[in-house]
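Q: sequence first, then the predicted structure, then my questions.
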Amino acid sequence: MRRTAENKLRVVAVRIDPVIEQRLRVLAEATGRKQSFFLQQMIEGGIDAIEETWLSSDTLAKVRSGALPDLLDEHRTTSDLFDHGASDPAP
């Protein structure tokens with residue numbers, strides 16, 4: 001698929017445990033693929049289960065019906081990806 005402005009991949013920064021980063025690096029080096037490839041695979045393979053655990057049934061239904069942009073606008077408080085003041089929500 002050719003990338004356009006609408007379907008361009010986004011960059012997301014995350015902090016991970018050094019042991020996990022080392023495992024990811026070994027996996028990438030051993031296979032000749034990039035770490036980002038494996039991260040993308042993990043995210044795509046696990047997001048459904050995470051959504052089912054963390055989202056209410058109403059929110060999950062909206063997300064899966066394509067209403068995701070509206071939900072993002074409702075919940076956006078900052079564009080700072082490195083907001084140190086926010087804590088992880090409880091399930």
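A: Done, it's in.
Q: rest of the way, CA atoms for contacts and neighbours
A: Fine.
Q: secondary structure element for the residue nearest the centre of the chain?
A: Central residue of the chain (C-alpha atoms, centre = their mean): Ile43, 5.9 Å from the mean position. Element membership for Ile43 (DSSP states H and E) is helix 35-54.
Q: OK, contacts around the most far-flung residue of the chain relative to its centre?
A: What lies farthest from the middle of the chain is Ala30; by C-alpha atoms, centre = their mean that is 24.3 Å. If a contact means C-alpha atoms under 8 Å, 6 or more residues apart in numbering, then Ala30 has no contacts.
Q: does it count as helix, strand or coil?
A: helix (DSSP: H, G, I helix; E, B strand; the rest coil).
Q: which pLDDT value belongs to it?
A: Per-residue confidence (pLDDT) for Ala30: 98.
Q: over to the one 3 residues further on?
A: Per-residue pLDDT puts Arg33 at 97.
Q: output the helix or strand following the helix holding Ile43 in PDB with nothing but the alpha carbons.
A: Using DSSP H and E, the next helix or strand after helix 35-54 towards the C-terminus is helix 57-64. Backbone C-alpha positions of helix 57-64 (Å, rounded to 0.1, in the frame of the first residue of the first chain) are rendered in PDB as follows:
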ATOM      1  CA  SER A  57     -18.400  -1.700  26.500                       C
ATOM      2  CA  ASP A  58     -19.900   1.600  25.100                       C
ATOM      3  CA  THR A  59     -16.500   3.000  24.300                       C
ATOM      4  CA  LEU A  60     -15.300  -0.200  22.800                       C
ATOM      5  CA  ALA A  61     -18.400  -0.400  20.600                       C
ATOM      6  CA  LYS A  62     -17.700   3.200  19.400                       C
ATOM      7  CA  VAL A  63     -14.100   2.600  18.700                       C
ATOM      8  CA  ARG A  64     -14.800  -0.600  16.700                       C
END
